[in-house]
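K.L.:
The following comprises the amino acid sequence and a computationally predicted model.
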Amino acid sequence: SAFALHEIICDADGKPVDYRFLLANPAFERMTGLKSQNIVGKRVLEIMPDTEPYWIAIYGEVALTGQPRSFIQFANDFGKYYEVEAFCPEPGKFAVHFLDCTESIQHKEKIEHMAYHDALTDLPNRYLFRDRLQDMLGKAVRNQERLAVVMLDLDDFKLVNDTLGHFAGDELLKVIGRRATSVLRRGDMIARLGGDEFVLLIEGIGNAESVTMIVEKLRKAIYEPWLYNSVAYHVTCKIGISLFPEDGQDADTLMKHADIAMYRAKELGKGYYQFYLPTMERQVSQRMEIEVELHRAVDNNEFVVYYQPQVDQAGDIVGVEALVRWEHPTRGLVMPMEFIPIAEESGLILKIGTWVLQTACQQAKQWTVAGISPVFMSVNLSAHQFHQQDLLTVVSDIVASSEISPQRLVLEITETVAMGNAEHTIRVLQELKSLGISIALDDFGIGYSSLIYLKRFPVDSIKIDRSFIHDMESNSEGKIIVQTILALTKNLQYIAIAEGVETFEQLEILKELHCDQMQGYLFSKPLPAVEMTQLLQIYSKGGDNNGICPPLEYKQNSGASF
Ligand code: C2E
Ligand code: CA
Ligand code: CA
């Protein structure tokens, strides 16, 4: 076996301070790669640096117990692990047997590593994070330091998986893990909790502002373009932060509170971050309650579709937009902004959206049967719906079964959804168009748009977001923006629809700017089907009336305000 003889070098008090190689056998040379002639006479600590604690321990053990031998394990500089068995053949000498146990140790370490690390990113996992956080809390108490737990969740990660595939999703997670790690300082820590959720531990922070700075850095690092198949994507995330000691005394509470804060950030929208506040707990539980109730609402079919007219320059109703509401058994009518985002996140939107589409198409069919002159039926498609695999089948089945003309159906997708993955958008839109359906780009102007893509999108109409219409009256800049958007849509030969028209002044300006169609409270709020039917009977093209939607009439006939 591999064997070396050490001479013990003691100080004046007889305390061993070092060891010197007296001898090494060929097996030792083979195992360690050290040549006998190079080491004999040399100090052990010079040849095997950083092993001092081991020798002290083993010497102490042998001296203390009086046992002739003792074992110890250590790793040397070359990453090799030895199990050492030593005994004192005579005072001042130390006979050492070396056993190479590198493989078994590495195996053990690997298994331990796997138990505490995430396989994809190789970052620590929840258990390791929790352990270390607990340790750090002890230290923070002793040093009277503050810590921050930062919970991070990517926006639209599901979309990445759905549209680019799981391989891309995995790549993105690795990239995000590296980027998040890059903003950490010594002593900080990051872990992947699973899915697209990460958690960071920030040490020794002064105040909330210094956390804010780090969080800003984190967001910026994550937002850097991510190149995949030579397309640049921007990733945003929501972040929740809890602070020690104010927001919790133990690891679990701090992590839970950071999670709640993140949940709250999620409600505010993409890219938000939030510090934990005790009041959040209630808000979050409300949200969870809504989610539970939504499941029931889907089963019991508690939804109802309202319709809002779209009016052309002549004052005829040329289309309606289907807008869903939730008839809550105790709360009454719940508006979509309160539940659509939750439905979107829980995946329930697929069922709800399909139902809305079906209901709207059936309604359109009923109107045709009732002899009402045909109008466009616009239905909103959420991001999740737009990316669902079988969208085309779902839509074409509904169109076929309701027997409406696909030419009368308009699907609305928001500008943000469309721009998210432009190539994918173009493909899906083309497929939908091949069914004869029209496409409207919703909430136009508030997202970021690339003109190049805008031109390539096979859309038919553009809905100018109501914030622009609102600003139009009050400042001349607002008007110029709308004018510019209208010029753009004209050039691209899209139909322009102004959303949220509320006043006659806005209507006048839009007429002057030749906006094709308008929608808003000035004409009518969204109405239940029965009331919408009456409105259509009067104001659609060829309706009973000569077709000028009510407010205009009021104005012309009586000057009454709406
Ligand atoms: P949206 O698609 O932009 O729909 C227009 C919203 O503006 C509607 O709100 C409508 O009631 C409101 N609105 C119309 N005219 C005016 C106006 O003059 N002034 C003001 N202040 N608001 C006006 P609603 O019905 O609450 O819907 C909100 C959002 O919820 C919709 O925004 C849409 O994004 C979503 N949504 C509604 N129904 C559905 C649906 O069936 N599926 C999906 N995926 N989303 C839906
Ligand atoms: Ca819409
Ligand atoms: Ca809109």
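P.N.:
Noted; the coordinates are in hand. Predicted model, so just to flag it, every value in this text is computed and none were measured. Ligands and ions are numbered 1, 2, ... in the order given.

K.L.:
Next one, pLDDT for the residue of the stretch 151-300 of the chain found nearest ligand 3 please.
P.N.:
For the stretch 151-300 of the chain, the residue closest to ligand 3 is residue 269, as judged by C-beta to the ion, at 15.6 Å. C-beta here means a position set from N, CA and C on the backbone, and glycine is covered the same way. Residue 269 carries a pLDDT value of 78.

K.L.:
Same question for residue 74.
P.N.:
Residue 74 is given a pLDDT of 66.

K.L.:
repeat for residue 529
P.N.:
So residue 529 comes in at 97 (pLDDT).

K.L.:
residues from the stretch 51-200 of the chain in reach of ligand 2?
P.N.:
On the criterion C-beta under 5 Å from the ion, ligand 2 has no neighbours in the stretch 51-200 of the chain.

K.L.:
can you pull out the helices in the stretch 51-200 of the chain?
P.N.:
52-65, 102-116, 126-143, 157-164, 166-182 (DSSP state H, counting those that start in this stretch).

K.L.:
again with the stretch 251-400 of the chain
P.N.:
Using DSSP H, counting those that start in this stretch, helices in the stretch 251-400 of the chain cover 251-268, 280-300, 336-346, 349-369, 383-386, 391-402.

K.L.:
one step back: what's near enough to touch the residue of the stretch 151-300 of the chain closest to ligand 3?
P.N.:
Not one residue lies near residue 269 by C-beta atoms under 8 Å, 6 or more residues apart in numbering.

K.L.:
Can you name the residue of the stretch 51-200 of the chain nearest ligand 1?
P.N.:
residue 159 (14.7 Å; C-beta to the nearest ligand atom).

K.L.:
show me the contacts for the closest residue to that residue other than its chain neighbours.
P.N.:
Nearest non-adjacent residue to residue 159, counting by C-beta to C-beta, 6 or more residues apart in numbering: residue 387, 5.8 Å away. Contact partners of residue 387, counting by C-beta under 8 Å, 6+ apart, are 159, 162, 163, 424.

K.L.:
confidence score at the second one?
P.N.:
Right, the one you point to is residue 162. Reading off the model, residue 162 has pLDDT 79.

K.L.:
do you know how far the residue lying closest to it once chain neighbours are set aside is from ligand 2?
P.N.:
Sequence neighbours aside, residue 387 is the residue nearest to residue 162 in space, at 4.7 Å (criterion: C-beta to C-beta, 6+ apart). Using C-beta to the ion, to the nearest Å, residue 387 is found at 18 Å from ligand 2.

K.L.:
quick one: residue 387 from ligand 1, how far?
P.N.:
Going from residue 387 to ligand 1 by C-beta to the nearest ligand atom, to the nearest Å gives 12 Å.

K.L.:
Same list (the helices of the stretch 251-400 of the chain) but as CSV, adding distance to residue 196 and mean neighbour count.
P.N.:
CSV is the format used below for the helices of the stretch 251-400 of the chain (distance: least, C-beta to C-beta, whole Å; neighbours: other C-beta atoms under 10 Å):
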stretch, distance to residue 196, mean neighbour count
helix 251-268, 12, 21
helix 280-300, 19, 15
helix 336-346, 13, 17
helix 349-369, 19, 20
helix 383-386, 15, 22
helix 391-402, 23, 16
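
K.L.:
Any idea which of those has the lowest pLDDT on average?
P.N.:
helix 280-300 (a mean of 87).

K.L.:
count of residues packed around residue 444?
P.N.:
26 (other C-beta atoms under 10 Å).

K.L.:
quick one: contacts for it?
P.N.:
415, 462, 463, 464, 465, 485.

K.L.:
Restricted to strands, list those residues.
P.N.:
462, 463, 464 (DSSP state E).

K.L.:
just curious, which of these is nearest to ligand 2?
P.N.:
residue 463 (6.4 Å).

K.L.:
So which of the helices of the stretch 51-200 of the chain is nearest residue 34?
P.N.:
Nearest to residue 34 among these is helix 102-116 (15.4 Å), distances taken as C-beta to C-beta.

K.L.:
Send me that closest one as CSV with only the CA atoms.
P.N.:
Output in CSV follows, covering the C-alpha atoms of helix 102-116 (Å, rounded to 0.1, in the frame of the first residue of the first chain):
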residue,chain,number,x,y,z
THR,A,102,-11.3,10.2,-4.5
GLU,A,103,-13.9,8.3,-6.5
SER,A,104,-16.1,7.2,-3.6
ILE,A,105,-15.9,10.7,-2.1
GLN,A,106,-16.7,12.4,-5.3
HIS,A,107,-19.6,10.1,-5.8
LYS,A,108,-20.9,10.9,-2.3
GLU,A,109,-20.4,14.6,-2.9
LYS,A,110,-22.2,14.4,-6.2
ILE,A,111,-25.1,12.8,-4.5
GLU,A,112,-25.1,15.4,-1.8
HIS,A,113,-24.8,18.1,-4.4
MET,A,114,-27.7,16.7,-6.3
ALA,A,115,-29.9,16.6,-3.2
TYR,A,116,-29.2,20.3,-2.6
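
K.L.:
so how far is it off the chain centroid?
P.N.:
Helix 102-116 sits 33 Å away from the centroid of its parent chain (C-alpha atoms, centre = their mean, to the nearest Å).

K.L.:
try stretch 338-350
P.N.:
15 Å.

K.L.:
Just checking it against ligand 1, any contact.
P.N.:
Yes - using C-beta under 6 Å from any ligand atom, stretch 338-350 reaches ligand 1 at residue 340.

K.L.:
Phi, psi for the residue nearest to residue 162 please.
P.N.:
phi -100, psi 0 (degrees, to the nearest 10).

K.L.:
what do you get for residue 371?
P.N.:
Residue torsions, per degrees, to the nearest 10, at residue 371 are phi 80, psi 10.

K.L.:
Over to residue 381?
P.N.:
phi -110, psi 130.

K.L.:
right, and it touches residue 409 too?
P.N.:
No - look at residue 381 against residue 409 with C-beta atoms under 8 Å: they stay out of range, at 11.2 Å.

K.L.:
follow-up on the earlier one: the residue of the stretch 151-300 of the chain closest to ligand 3 and ligand 2, how far apart?
P.N.:
Distance from residue 269 to ligand 2, by C-beta to the ion: 17 Å.

K.L.:
so what's residue 264 up against?
P.N.:
Counting by C-beta under 8 Å, 6+ apart, residue 264 has contacts 240, 274, 280, 283, 284.

K.L.:
Try it again at 6 Å.
P.N.:
For residue 264, the contacting residues are 274, 280, by C-beta atoms under 6 Å, 6 or more residues apart in numbering.

K.L.:
Residue 500 too?
P.N.:
Contacts of residue 500 (C-beta under 6 Å, 6+ apart): 466, 469, 520.

K.L.:
which one is the last one nearest to, not counting chain neighbours?
P.N.:
Read that as residue 520. Here the residue nearest residue 520, using C-beta to C-beta, 6+ apart, is residue 501, at 3.3 Å.
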